[in-house]
Structure formats: structure tokens, C-alpha cells
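Novice: Requesting a structural model of the entry that follows:
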Amino acid sequence: MKKKIIIITAITLACIIGAAMLIVGGYVGYVALQYYRIDDNFSLEVPDGGATVKRGENLSVMTYNLGFGSYSPEYSFFLDTGVMDDGTEVVGIYAKGMNKNDVQKNVDGQIALSKQGDADFYFFQEVDEKADRSYNINMKESLYSAFGGYVSTYAENFHTAWLLYPFNDPMGTTKAGIVTLSKYKVESAVRRSFPLTDNFIDKLFDLDRCFAVHYLPVEGTDKQLVMINLHMSAYDEGGTVRARQLEMLNTVLAEEYAKGNYVIAGGDFNHCLIADSFSSNEEAFTHFESKQKVPDWVKNSVLRKSELAGGFSICADKDVATCRGADIPYEKGVNFTTTIDGFVISDNIEMLSVNTVANEFAYSDHNPVVMEFIIK
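Specialist: Numbering: from 1, shown residues only. Below is the predicted model:
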């Protein structure tokens, strides 16, 4: 009798384990089949409208990573980790926004803050079109509606199957991208695919990274103003993927500059952009008050002018940080902060000013950055 019970128990356990393996295997297969990369050199739809850009007129561009509308000051993100000065390790909590009302509050605040700048161009990143993490609030359409008089483009850079992870707060499905707005006529635009990590699991959470290249006619010339909205990789141990992405970006910058075009690349570089203003990287990392140790991803990702294609320089604000660590809720002077959002411009463009909007990360883990410039 005891032997029979043992046999039945073993068979039952084997069936349970087999069923679990089938479920897990089926889910992994589903995720793998759903994954794809968007082709490089993908033409973007560009609506008609807008005046023609002129040389010598004052223009402005704002870049703002919207953080899928979820990063209230109280928010922390499950993939972000950090270490406090006393050695305490910390890790974020949420995969989705805290609740739908909170996401809507942030989206409304982001739009109101952006409109105050009345910029001629806007570069937005982490804009959800339809995503469980932002409770299916269509941020793309919200921007299009709020800036109805602008020429608008959208380049998708995050599309996932239903992600079960993290188990306590599954991310679900996501469709998101970068939005570019222009008061001026855009002749054409193309989505370029950045290199990615070769690790399949990391790919699921690191987006289908890309940059969107916009070509605008310049009155009285046969040259073009080239506006590039970008979002480089964040979760990149050792900074190796970001290095490959920078190499690709530099190639595009050099090609456009060789044509005599006027070039601006802006967005979330996920590189420390202010190191050239200090005597050492460490001085740049610790420039803003913090009670956290400098994270490894920053140490491995510093961008200096010497690393750019010839004829280009960095325009970034060293007085106000653009990004906060999201491993803990925001508290001024406690979170690690740095400047990773800004612009790279060709030397046939004159920067008049570049300023971070000191918004204390009220609606995102990023503050917007505004640059005023003239085409020479």
C-alpha cells in the first residue's frame, strides 16, 4: 500500500512539474515569437505644414524624457538599484505607474510645463501610445492634441509581449516611442535603429532603441537643418552598448556635416554630459549634492567633446541636474542626480543659451532642457 502511494505521489508530482514546464516553455516561446526589431532607415510619416526655417532667426528646442508618465516624486522603478553613502543597498519598487490618476496627473503636468517653454521644436522620449504600465493613457495623442499647430512625428522604440515580470507587479504589454514636434516645415524623417545588447532577456526591457532624423529646408540655401531626437541605452553594464550607439550616431553626424547641413542631436543620451566643465570625471559625478554613491552606469558612460565627430560640441546645463536616480523616491539632496539630457550641435549653429527647467522632478525622473540657437 505504501509503495502504491509513493508511486501515485511521484506520478502526480511529475505531472505537475511537466505541466509547469509546458506553461513556462509556452510563455517563453510566446515572448520570443512576439519580439522583433524595427528595420533601420524606416521612413516616418510627416504631415504637411509649417513655415520654412531661416538663417539668423532665434530658435529654441526642448528635450524632455516623460518617463511614461509614471515618475511622480514618490515613485521608484524596479530595475533601478543604488547604494547609499552608508553602504545600504536600495532598489526601486514599481514596474507600472502607481495608479491611473497619478499617471494622468503627470501627463497633464508635463504638457503644461512644456507649453510654458513655447519652443519651436520638442524632443520627447518615453511616450506611451498604449501600455499597461501607464494604464493605457495615450500620451502620444495627448501631445498631438496639446500641440495641434506643430508638425509631428512618432518613432516607435518599445513594443513588448505581455511581460510577466516583475511577478509582484507585471509590466504587461507596452507600445511606446519618441515624439518630435516642429513649428517648421519638415521635408522628410527617418527612424534609425541603434545597436542593442545581444542578451535576449535584456532586450525585452531595454527598448528597441532608435533616433529619429528630421530634414528641414533652410530658406535661401540648398542646405538642411537636421534635427535628431534620440534615446540611448540605460541598462548597459560596462557601457559597451552605448559606445556602439555613439559610434553610429557619430557616423550620421559626420555624414550630415559633410553635406554642409546644420545639425542638432538632442534627447536622453544616458551619458554624463558635463564632464568637460570639470577637471575630472569624479568632480562631474559629485557636482550635485547627494547622499548616494555614484552608480556604475554613470562611471561607465561619460561623453566628452573629444569623443564626438569633428565639428560638433556638447550643449548641456551643469547648474541644474536633468535626471534623478529612481531607486528611491525623490528627496532633494538625497538622490543621485546628474545631467544626461542635452544637445550636440554642429559648429555652423550658434548656441545662445541652454537651461534645465528646475522642476524638481515633479512629473518625471527627468527635468526638461531648453536650448536657444541661431543657424549661422
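Novice: Quickly run through the sheet partners of the top strand by length along the chain, with directions.
Specialist: For the chain, the longest strand by residue count, based on DSSP state E, is strand 151-163. Within its sheet, strand 151-163 is paired with strand 172-182 (antiparallel), according to DSSP bridges.
Novice: How far away from the center of its chain is the following helix or strand past the partner strand?
Specialist: Counting by DSSP states H and E, the next helix or strand C-terminal to strand 172-182 is strand 188-193. Computed by C-alpha atoms, centre = their mean, to the nearest Å, the separation of strand 188-193 from the middle of its chain amounts to 16 Å.
Novice: Strand 188-193 - contacts with which helices or strands?
Specialist: Packing partners of strand 188-193 (3 or more C-beta pairs under 8 Å, 6 or more residues apart in numbering; DSSP states H and E): strand 42-43, strand 151-163, strand 210-217. C-beta coordinates here come from the backbone N, C-alpha and C atoms, glycine included.
Novice: Output the longest strand of the chain as PDB, restricted to C-alpha atoms.
Specialist: What follows is strand 151-163 as a C-alpha-only set of coordinates in PDB (Å, rounded to 0.1, in the frame of the first residue of the first chain):
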ATOM      1  CA  VAL A 151       4.300  69.200 -37.400                       C
ATOM      2  CA  SER A 152       4.600  65.900 -35.500                       C
ATOM      3  CA  THR A 153       6.400  62.500 -36.000                       C
ATOM      4  CA  TYR A 154       6.400  59.400 -33.900                       C
ATOM      5  CA  ALA A 155       9.100  56.700 -33.900                       C
ATOM      6  CA  GLU A 156       8.300  53.500 -32.100                       C
ATOM      7  CA  ASN A 157      11.000  52.200 -29.800                       C
ATOM      8  CA  PHE A 158       9.400  49.900 -27.300                       C
ATOM      9  CA  HIS A 159       7.000  47.000 -28.200                       C
ATOM     10  CA  THR A 160       6.600  44.000 -26.000                       C
ATOM     11  CA  ALA A 161       4.600  40.900 -25.500                       C
ATOM     12  CA  TRP A 162       2.800  40.600 -22.200                       C
ATOM     13  CA  LEU A 163       5.700  40.600 -19.700                       C
END
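Novice: tell me the mean pLDDT over it?
Specialist: The pLDDT scores in strand 151-163 average 86.
Novice: got the buried residues for that strand?
Specialist: Using 16 or more other C-beta atoms under 10 Å as the test for burial, strand 151-163 gives 151-161, 163.
Novice: Contacts for the helix or strand hosting Met351 next, please.
Specialist: For Met351, the host element (DSSP H and E) is strand 349-356. With contacts defined as C-beta atoms under 8 Å, 6 or more residues apart in numbering, strand 349-356 is touched by 58, 262-264, 315-317, 319-322, 339, 341-343, 345, 367-376.
Novice: Let's see which of those end up in strands.
Specialist: Residues from the contacts of strand 349-356 lying in strands, with DSSP E as the criterion: 262-264, 315, 341-343, 345, 369-375.
Novice: Pull the CA coordinates from the strand holding Met351 and hand them back as PDB.
Specialist: Backbone C-alpha positions of strand 349-356 (Å, rounded to 0.1, in the frame of the first residue of the first chain) are rendered in PDB as follows:
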ATOM      1  CA  ILE A 349      25.000  76.600 -35.300                       C
ATOM      2  CA  GLU A 350      25.400  79.200 -32.600                       C
ATOM      3  CA  MET A 351      24.100  78.200 -29.100                       C
ATOM      4  CA  LEU A 352      22.600  81.300 -27.400                       C
ATOM      5  CA  SER A 353      21.700  79.500 -24.100                       C
ATOM      6  CA  VAL A 354      21.000  76.100 -22.700                       C
ATOM      7  CA  ASN A 355      19.000  75.800 -19.400                       C
ATOM      8  CA  THR A 356      17.400  73.000 -17.500                       C
END
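Novice: quick one, what contacts Glu45?
Specialist: Thr153.
Novice: tell me the phi and psi of it?
Specialist: phi -70, psi 130 (degrees, to the nearest 10).
Novice: follow-up on the earlier one: for the buried residues of strand 151-163, give me TSV that also has distance to Leu79.
Specialist: Formatted as TSV, these follow (distance: C-beta to C-beta, whole Å):
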residue	distance to Leu79
Val151	34
Ser152	29
Thr153	28
Tyr154	24
Ala155	23
Glu156	21
Asn157	17
Phe158	13
His159	18
Thr160	14
Ala161	18
Leu163	12
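Novice: Name the residues linked to Ile375 by a beta bridge.
Specialist: In beta-bridge terms (that is, DSSP bridges), Ile375 pairs with Ile349.
Novice: can I assume it is in contact with Val218?
Specialist: Yes - at 6.4 Å, Ile375 and Val218 qualify as touching, with contact defined as C-beta atoms under 8 Å.
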